[in-house]
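Student: Predicted structure and sequence below. I'll ask about it afterward.
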Amino acid sequence: VKVRLLQNRCDGFFFKWDKRNNEIENAKGTWNQGDLLTARVTHIKPDVFKVDVTVEDITDYEQREIIDQDPRLVAKSEDFRELRGLGKVVVTQKQGLDAAASIRGRRIIRHDNYKEISHSAAMAYLESPSIPIGEVLFRPSTSHQGHYICMIKIKQGNRANSDWVKQFVFQEAKSKFTQQAAQQNTLGNAKMVYKLPGEPEEFDELDQIKAMIVEPYMKYLTDFTNFEKYQGGNVEQVKNLVVATKLSSTSKHVAYFLTLDERKPMGGAAVLLWAGKRDQSGKYAVIEEPVHITHRGFKLWNAGPFKSVNRLIQWYVKEYRDSSVPS
């Protein structure tokens, strides 16, 4: 959350950042009254106008991904009489106390596919053969507060690997307060609005994420795996198949094969393997190109998204030949 510093004292430290998320040089530990700081609120004492702001116990992952990249304020017993962005805490009214209490926990998310479980528990749930391909599970991030994970089962698998599950992160972009919530000054009735990092759309409901993100993604994944040149298996097996492919030594055509990249976690990554001319040993040279399957289509390098595998291949063959690579 963002809180504005009201008193000219701070027990802790923080870093100042500019709007481009770059640390301001020589600004560590310096601040002025009225500064807007990013922090985690862990405890609020509305009866004495006190709030504790700190980071929780952190894992190595959190240290690497959150603290090192985006340091948070660490402060104790500051006097924050107004929590900007969260609404005023009115300590003389019961609804004010309720509002303060609601800040400490997550907002209630009501959806059949939303579960307050860990990553391992979610994998165990999706692993069951009774859970169909394409099933979606929403869960909170255990390391990024205010972030949520959408997990898609893209094929049957087990917890020994994770290539059968596709994941993406979305976050709570803001809250839309109803008129009643604004009048009562409560936060529990606030409507959440979700957003994917780097994407323009905002989603009022998790079902919108399913309809606009998950379902198109599954369609493109199905189109990819149903393509006539899709070989299945893992990348190395298909690469060996490509090397052993019998093509005429005078052929000017490029042979291409498709497979999912099972070397990368969370699946969904795809690989286009191309066999060019034979090398001096008589084997075909294999070119491996990663294809990214998204809800908008197929992307290769910075090109796309292409709405079909055919369009992707047609574009690549043209680029391949125009770049004077032997074919």
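Tutor: Perfect, I can see it now.
Student: rest of the way, CA atoms for contacts and neighbours
Tutor: Fine.
Student: burial measure for the nearest residue to Gly157 once chain neighbours are set aside, as a count.
Tutor: Leaving aside its sequence neighbours, Gly157 sits nearest to Trp164 (CA to CA, 6 or more residues apart in numbering; 5.5 Å). Other residues within reach of Trp164, judged by other CA atoms under 10 Å, total 22.
Student: Quick one, grab the pLDDT at Trp164.
Tutor: Looking at Trp164, its pLDDT is 85.
Student: got it, and the one 4 residues further on?
Tutor: Predicted confidence (pLDDT) for Phe168: 84.
Student: Over to it. Which of the three states is it?
Tutor: strand (DSSP: H, G, I helix; E, B strand; the rest coil).
Student: So it sits against Ser141, correct?
Tutor: No - distance between Phe168 and Ser141: 10.9 Å, which falls outside the contact criterion (CA atoms under 8 Å).
Student: Specify which residue of the two has the higher count of neighbours.
Tutor: Ser141 (19 against 14).
Student: just checking, the more buried one touches Met151?
Tutor: No - at 11.4 Å, Ser141 and Met151 do not qualify as touching, with contact defined as CA under 8 Å.
Student: so the residue nearest to Gly157 touches Gly134, yeah?
Tutor: No - taking contacts as CA under 8 Å, Trp164 lies outside contact range of Gly134: 10.5 Å.
Student: Quick check: neighbours shared by the two?
Tutor: 153-155 (CA atoms under 8 Å, 6 or more residues apart in numbering).
Student: ok, of those, which one's closest to Trp315?
Tutor: For the shared contacts of Trp164 and Gly134, the minimum distance to Trp315 (CA to CA) is 26.6 Å, reached by Ile154.
Student: What's the local residue count around the closest one?
Tutor: Counted with other CA under 10 Å, residues neighbouring Ile154 total 22.
Student: Report pLDDT for it.
Tutor: Note for Ile154: predicted pLDDT of 88.
Student: how close does it get to Val317?
Tutor: Counting by CA to CA, to the nearest Å, the gap from Ile154 to Val317 is 28 Å.
Student: where exactly do the strands run in the stretch 101-250 of the chain?
Tutor: Applying DSSP state E, counting those that start in this stretch to the stretch 101-250 of the chain gives strands spanning 136-140, 147-153, 165-176, 191-195, 202-203.
Student: Show me what counts as buried in stretch 140-160.
Tutor: By 16 or more other CA atoms under 10 Å, the buried positions in stretch 140-160 come out as 140-141, 143, 146-158.
Student: Would you mind giving the domain segments of this structure?
Tutor: Segmentation of the chain into domains, based on the TED database, reads 2-100, 108-221, 227-323.
Student: wouldn't Gln167 be in contact with Ser141 here?
Tutor: No - assessed by CA under 8 Å, Gln167 is found out of contact with Ser141, at 11.5 Å.
Student: Name the residues contacting each of these two.
Tutor: Residues touching both Gln167 and Ser141 (CA under 8 Å, 6+ apart): Ile149.
Student: Tell me which helix or strand Glu288 sits in.
Tutor: Using DSSP states H and E, Glu288 maps to strand 284-294.
Student: Can I get that strand as PDB, trimmed to CA atoms?
Tutor: Included here for strand 284-294 are C-alpha records, laid out as PDB according to Å, rounded to 0.1, in the frame of the first residue of the first chain:
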ATOM      1  CA  TYR A 284      20.900 -31.900 -41.000                       C
ATOM      2  CA  ALA A 285      21.500 -28.700 -39.200                       C
ATOM      3  CA  VAL A 286      18.700 -28.000 -36.700                       C
ATOM      4  CA  ILE A 287      17.600 -24.500 -35.800                       C
ATOM      5  CA  GLU A 288      15.600 -24.200 -32.600                       C
ATOM      6  CA  GLU A 289      13.200 -21.200 -32.400                       C
ATOM      7  CA  PRO A 290      11.000 -20.600 -29.300                       C
ATOM      8  CA  VAL A 291       7.400 -19.700 -30.000                       C
ATOM      9  CA  HIS A 292       5.400 -18.000 -27.200                       C
ATOM     10  CA  ILE A 293       1.700 -19.000 -27.000                       C
ATOM     11  CA  THR A 294      -0.300 -16.200 -25.600                       C
END
